[in-house]
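> just the structure for this:
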Amino acid sequence: SKARVIDKENGGRELALPFGDKIPFEFAEEVVAVGNSANAAVAAARLGLSSGLVVNVGKDRDGEKCITQLNLENVSTAFVKEYEGKKTNYHYVLWYKDERTILIKHETFDYTLPDIGSGATAPKCMYLSSISENALPYHDVLADYLEANPEVKLIFQPGTFQIKWGTDALKRIYKRTDVFFCNVEEAERILGTKQELINKDHMDAALLPPNPNGAPNHSAPFIKGLLDGLRALGPKLPIITDGPNGAYTYASDEATLNFDKIIHLGIYPDIAPPYERTGAGDAFASTFSAAYLLGNSTATSLKWGSINSMNVCQHVGAQKGLLKRADIEGYLAKAPAGWDIQVLG
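Reported below is the predicted structural model:
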């Protein structure tokens with residue numbers, strides 16, 4: 001292969017391709033109606049919840065394919081708005097080994113909130129995630145709706161631009177958030193964690209048990225610092241994912257959170273080597289959310305999310321591997337010994 005991955009001194013990695021060359025590829029597959037919120041809507045529908053997607057598409061062939069696919073997944077398209085003369089967003093995933101790099105291009109749409117119901121007809125929950133760089137004012141519209149409908153829960157999984165805008169610009173959203181998802185690196189960017197704290201974290205890694213996947217662990221105090229920092233912004237229950245290291249959040253005794261202790265769940269052991277990881281984070285966040293809304297404990301919801309995330313990595317794209325409730329409960333019943341919640345500190 002002419003592609004290669006370069007490890008940078010700062011810990012980052014870059015995908016490198018020869019400039020001006022012809023690069024052979026194995027195959028291409030079109031996956032329609034995907035994106036953070038679309039993936040969440042499909043995951044919820046497969047788990048037995050009623051879900052709909054508020055989204056803008058162009059009145060074009062790609063938009064029609066998206067609507068058809070959502071209908072096949074039992075996701076309501078009542079709030080899909082089609083724009084004449086606009087193109088439906090189309091992104092490219094460069095898949096190399098078991099990781100991916102995504103080329104994105106968001107079309108410019110007028111962002112308006114359709115009549116999704118209020119009061120007795122309001123949805124039980126709103127899932128807010130990745131959105132285009134032109135949509136910052138739209139968040140005030142959403143915040144107004146949520147303030148007028150306090151019974152609606154907000155789940156927030158910020159995307160690239162929502163993190164880039166900063167917490168001050170989205171302070172109304174953060175303060176209204178019930179459940180919040182991000183990974184360790186995103187938490188550091190959101191909170192502006194200083195480099196010396198990150199360095200100290202690696203020195204204290206022995207505070208967590210060895211990772212069977214060989215990935216470096218973060219220290220419990222460092223993770224708790226990130227969780228506390230996120231909670232200070234407003235989210236009632238922040239959850240931090242860490243790739244092969246699993247996920248972290250606060251310990252709980254049924255419905256009562258214990259902010260003095262955090263819990264950790266490693267990833268569900270792969271049933272086969274991961275095929276590709278597109279959508280693994282979305283699967284975890286949306287499945288946790290669905291399980292939580294169905295009345296499951298934090299610990300059980302973490303397990304549901306981990307199982308669905310594992311299975312998504314066995315397939316191409318972010319939705320093909322999303323499981324139904326019976327399948328998740330089947331994996332849960334045969335979970336290997338040792339895969340369980342750990343209380344840290």
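
> pull the contacting residues for R189.
R189 makes contacts with I163, as judged by C-beta atoms under 8 Å, 6 or more residues apart in numbering. Where C-beta positions appear, they are placed from N, C-alpha and C, glycine not excepted.

> got the phi and psi for it?
Main-chain torsions, R189, degrees, to the nearest 10: phi -70, psi -40.

> how near is it to I223?
16 Å (C-beta to C-beta, to the nearest Å).

> check F156 too.
For F156, the distance to I223 equals 19 Å [C-beta to C-beta].

> please, where are all the strands along the stretch 101-250 of the chain?
Secondary structure of the stretch 101-250 of the chain (DSSP state E, counting those that start in this stretch): strands located at 125-128, 153-156, 179-183, 237-241, 247-253.

> these: which one's closest to A78?
Of all those, strand 125-128 sits nearest to A78, with 15.0 Å by C-beta to C-beta.

> which residues does that closest one contact?
The contact list for strand 125-128 (C-beta under 8 Å, 6+ apart) reads 37, 40-41, 44, 142, 146, 152-157, 173, 286, 289, 293.

> for PyMOL, what selects the buried ones among these?
In PyMOL syntax, the buried subset of these is picked out as below (16 or more other C-beta atoms under 10 Å):
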select buried, resi 37+40+41+44+142+146+152+153+154+155+156+157+173+286+289+293
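
> what's the farthest-apart pair in the contacts of strand 125-128?
By the measure C-beta to C-beta, A44 and I173 form the most distant pair in the contacts of strand 125-128, at 20.3 Å.

> find the least confident helix or strand in the protein, judged by mean pLDDT.
Lowest on mean pLDDT, DSSP states H and E among the helices and strands of the chain sits helix 195-203, with a mean of 48.

> among the contacts of strand 125-128, name the ones in helices.
Among the contacts of strand 125-128, DSSP state H puts 37, 40-41, 44, 142, 146, 173, 286, 289, 293 in helices.

> let's have these in CSV, adding distance to F19 and pLDDT.
Converted to CSV, the ones in helices among the contacts of strand 125-128 look like this (distance: C-beta to C-beta, whole Å; pLDDT from 0 to 100):
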residue, distance to F19, pLDDT
S37, 35, 93
A40, 37, 93
A41, 39, 95
A44, 43, 95
L142, 42, 98
L146, 47, 98
I173, 40, 98
S286, 38, 93
S289, 42, 95
L293, 48, 94
